[in-house]
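Asker: Give me coordinates for this.
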Amino acid sequence: MYLIHAHLEPPPGTGIPEDTDVRVCALGRPEERVRHGSLHADARPHPVLGLFVAAPSLAAAESVAREVCERAIGLDPALRGVRLLRCEAPLVTPYYEGLAAPPNPE
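Answerer: Numbers count the residues shown, from 1 in each chain. The predicted structure is shown next:
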């Protein structure tokens, strides 16, 4: 299971629908295995939709997330004019840097 972030840009002067996560997930096909979505409408500089995708690889999960988002933007009238800026796994660098740091002797 992979968490993929879809960075969305609403049309100028508008916001993103509060139920974008539900709308996008509803258009996922069973074989795409989109398990859950969570919208972060107040993320800056653009809203972020987190999609949990069961896939054999990160690349496959990113591809599925992109396809489902593009489908939703193309089919759902409430999402018309929204642009998908990028669709990728979020970086968790600070967490892994902490794991790789030598233990504190104190």
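Asker: Now do stretch 58-70, average pLDDT.
Answerer: Computed over stretch 58-70, the mean pLDDT rounds to 96.
Asker: Per-residue confidence, the residue nearest to A54 when sequence neighbours are not counted, what does it come out as?
Answerer: Using C-beta to C-beta, 6 or more residues apart in numbering and skipping residues adjacent in sequence, the residue nearest A54 is R33, 4.0 Å away. (C-beta placed from N, C-alpha, C; glycine too.) With respect to pLDDT, R33 scores 96.
Asker: Identify the residues contacting R33.
Answerer: 53-55, 64 (C-beta atoms under 8 Å, 6 or more residues apart in numbering).
Asker: Can you give me every residue that contacts V24?
Answerer: By C-beta under 8 Å, 6+ apart, the residues touching V24 are 6, 34, 37, 49, 51, 68-69, 72, 79.
Asker: Equivalent analysis for L51, please.
Answerer: Residues near L51 by C-beta under 8 Å, 6+ apart: 3-6, 24-25, 34, 36-37, 65, 68-69.
Asker: Make a ChimeraX selection of the buried ones in the residues you listed.
Answerer: Here is the ChimeraX command that selects the buried residues among those (16 or more other C-beta atoms under 10 Å):
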select :4,5,6,24,25,34,37,65,68,69
